[in-house]
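**Student:** sequence and predicted structure, then a few things I'm wondering about:
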Amino acid sequence: MPQNRIQFQPGMSLNAFIEQYGTEAQCEQALERARWPQGFVCPQCGAREHSRFLADGRAYWQCATCRIQHTVTSGTLFHASKLPLTTWFQAIYLVTQNKNSISALSLKRHLGVAYTTAWRVKHKLLEAMRQRESSRLLAGVVFADDAVLGGVHAGKPGRGSENKAPFMAAVELDDNGYPQHVRFDPIADYTGATFAAWAKSALHPSAHLVTDGCASFNAAGAEVAAHGAIIVGARKSSELEPFRWVNIFISNAKTAISGTYHHFDFAKYRHRYLAEAQYRVNRRFDLASLVGRLVHACARTAPCPERWLRLAEVEAS
């Protein structure tokens, strides 16, 4: 059997990472290029005229219009961080180049920081991924199915389980039936109103949605151009060929999450862990570019203090 070109692509080697981002100066330059690719633009007023100076070994940009001073990290995900950028970039490398991501405990050991620091770094990077993916709309033919995360074995299985956190998975297929993009979205329940709200936020109005026979999907189908339901009956949708890709991605996401993260509050933090899985799948064709792309996302993500990171998903949104 021939090798899967996506799975066996080289990615970014450790030597290549060190060569590009091995020093603080290299990381600062990379972040500056990601934040201001066309040159400095004042985050406060949008003006371009500025002066640049060094103080205590740090570069500052002072806007000539509003006179406010900025560093390359101010107002970004790295705002007010006491960690050097080299540590942040090492975390970005580890998060993006590991097949199933990496836990905060493993980050702690690799980076040589306290566990609470590693947890903050991890969740800030996941939040950058979540915000980057939040506006993605799936179009064309989209297969969708619901699934659950977490819980214990006791209780009712599947839908209606009181021990698990539900989410929606959807896969956009091309004209040849191959997957292009996915979405993994937490949902509160299985009502038609919830499914309709999901469709509005996740699907392009022109999409052709294909689902199983769950009645709540009819409300979701009303939000797009077309909706087709394949009645599952006593079987599971995972047993039907048309749902092959969506169930492969559900299985991969759940395996990656359960295999990497053994103890976390699914109901509280699932929005970030699902966003991480979504971010990875939608950028799976070019692993070598993931470090630079996540740096770009971090440069456009507002500061995320720990108090805010620890809020539940509804409060944090």
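**Tutor:** Received it, and whenever you're ready, just let me know what you need.

**Student:** the longest helix in this protein is where?
**Tutor:** Using DSSP state H, we find that the single longest helix of the chain is helix 115-133.

**Student:** which strands and helices sit next to that one?
**Tutor:** Counting contacts by 3 or more Cβ pairs under 8 Å, 6 or more residues apart in numbering; DSSP states H and E, helix 115-133 packs against helix 85-97, helix 104-111, helix 266-281, helix 290-299, helix 306-309. (Glycine included, C-beta is placed from N, CA and C.)

**Student:** and of those, who's closest to Glu32?
**Tutor:** Glu32 sits nearest to helix 290-299 of all those, at 8.9 Å, using Cβ to Cβ.

**Student:** what is the mean pLDDT for that closest one?
**Tutor:** Averaging pLDDT along helix 290-299 yields 98.

**Student:** kindly calculate the angle that it makes with helix 115-133.
**Tutor:** Here helix 290-299 runs at an angle of 90 degrees relative to helix 115-133 (axes from the mean of the first three to the mean of the last three Cα atoms, to 10 degrees).

**Student:** distance to Arg183 and mean neighbour count added to the helices and strands packed on helix 115-133, as JSON lines?
**Tutor:** Listed next are the helices and strands packed on helix 115-133 as JSON lines, based on distance: least, Cβ to Cβ, whole Å; neighbours: other Cβ atoms under 10 Å:
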{"stretch": "helix 85-97", "distance to Arg183": "20", "mean neighbour count": "22"}
{"stretch": "helix 104-111", "distance to Arg183": "25", "mean neighbour count": "17"}
{"stretch": "helix 266-281", "distance to Arg183": "6", "mean neighbour count": "22"}
{"stretch": "helix 290-299", "distance to Arg183": "17", "mean neighbour count": "21"}
{"stretch": "helix 306-309", "distance to Arg183": "22", "mean neighbour count": "12"}
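
**Student:** just the strands in the protein please.
**Tutor:** Ranges of strands in the chain, per DSSP state E, are 50-55, 58-63, 69-70, 141-149, 165-173, 179-186, 208-211, 226-229.

**Student:** excluding its backbone neighbours, what's nearest Tyr93?
**Tutor:** Phe17 (5.1 Å; Cβ to Cβ, 6 or more residues apart in numbering).

**Student:** likewise Cys66?
**Tutor:** Nearest to Cys66 is Cys45, by Cβ to Cβ, 6+ apart, at 4.5 Å.

**Student:** wait, isn't that neighbour in contact with His70?
**Tutor:** No - using Cβ atoms under 8 Å, Cys45 is not in contact with His70; the gap is 11.2 Å.

**Student:** which residues do the two both contact?
**Tutor:** Cys63 (Cβ atoms under 8 Å, 6 or more residues apart in numbering).

**Student:** higher neighbour count, these two?
**Tutor:** His70 (20 against 12; other Cβ atoms under 10 Å).

**Student:** hey, what's the more buried one bridged with?
**Tutor:** Using DSSP bridges, the bridge partners assigned to His70 are Trp61.

**Student:** ok, it to Ala25 distance?
**Tutor:** Distance, His70 to Ala25, using Cβ to Cβ, to the nearest Å: 18 Å.

**Student:** for Val95, same thing?
**Tutor:** 23 Å.

**Student:** picking that back up, in CSV: the strands of the chain, plus mean pLDDT and distance to Arg283.
**Tutor:** Shown next, in CSV, are the strands of the chain (pLDDT from 0 to 100; distance: least, Cβ to Cβ, whole Å):
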stretch, mean pLDDT, distance to Arg283
strand 50-55, 96, 33
strand 58-63, 95, 30
strand 69-70, 96, 29
strand 141-149, 94, 19
strand 165-173, 95, 14
strand 179-186, 97, 10
strand 208-211, 95, 24
strand 226-229, 90, 28
